Every structure is written in C-alpha cells, then in structure tokens.
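1. here is my input, please return the structure:
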Amino acid sequence: MNNNIQFDEQEYARPGVVQKGPSGITGLVIKLKLAKDEAGAQKVLLIIIAVCVLIMIAIWWFPNSHRPPLPPVGGV
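-> Numbering: from 1, shown residues only. As a prediction, this is how the structure comes out:
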C-alpha cells in the first residue's frame, strides 16, 4: 500500500492583530498629547493617581470642616 497521501488545499493564514503603538489608558494619554511616549504616559498616570489619592484622603480626613459644631448633649 502507498501511504504517501497529499492534499491540495490552500493554507490560509490567520490575520494577526497588529498594534500600532501603546493601547489602553497609556495610548489615550499619548493621544491627548499629555506625554510623548509610553514611559512618559505612565509617569503622567502615576501623578494622576497620586493626586486622586490625596484628594480622597483630604475628603475622608476633613469631611466636616465646613459644618458648624453640634450643640452639646443635655440642652444647656
């Protein structure tokens, strides 16, 4: 018996995903021209995160700074 079997089928290559530059949030920062490259975009994002954390701490730490003090308990 002859075990030399050949198929005449065309091979189709699966199209790969081609990325042009960074994607996601770093890509957005670069598109908004806040940074020139991916390293700069990451630095900008770190600064934004630090500012957000500071604002969150300020709001949590001083939530009643603009309210008048409560009257004392006992009605005096």
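2. point out where the protein drops to low pLDDT.
-> Under the criterion pLDDT under 70, the flagged ranges of the chain are 1-2, 13-14, 16-19, 63-67, 75-76.
3. could you redo the last one with a cut-off of 80?
-> Across the chain, the ranges flagged by pLDDT under 80 are 1-3, 5-22, 62-71, 74-76.
4. ok, for the residue nearest the centre of it, nearest residue in space, not its chain neighbours?
-> For the chain, residue 25 is the residue whose C-alpha lies nearest the centre (C-alpha atoms, centre = their mean; 4.6 Å). Spatial nearest neighbour of residue 25, chain neighbours left out: residue 45 (6.3 Å); criterion: C-beta to C-beta, 6 or more residues apart in numbering. In this view, the C-beta of every residue, glycine as well, is placed from N, C-alpha and C.
5. ok, now which ones touch the one you found?
-> 25-26, 29 (C-beta atoms under 8 Å, 6 or more residues apart in numbering).
6. repeat that with 10 Å
-> Each residue near residue 45 by C-beta atoms under 10 Å, 6 or more residues apart in numbering is listed here: 25-26, 28-29, 34-35.
7. so of these, which ones are in strands?
-> Of the contacts of residue 45, none are assigned to strands by DSSP state E.
8. now the buried members of those residues.
-> 26, 29, 35 (16 or more other C-beta atoms under 10 Å).
9. tally of neighbours for the residue nearest to the last one when sequence neighbours are not counted?
-> Leaving out its chain neighbours, the residue that sits closest to residue 35 by C-beta to C-beta, 6+ apart is residue 41, at 4.0 Å. The local packing of residue 41 (other C-beta atoms under 10 Å) involves 22 other residues.
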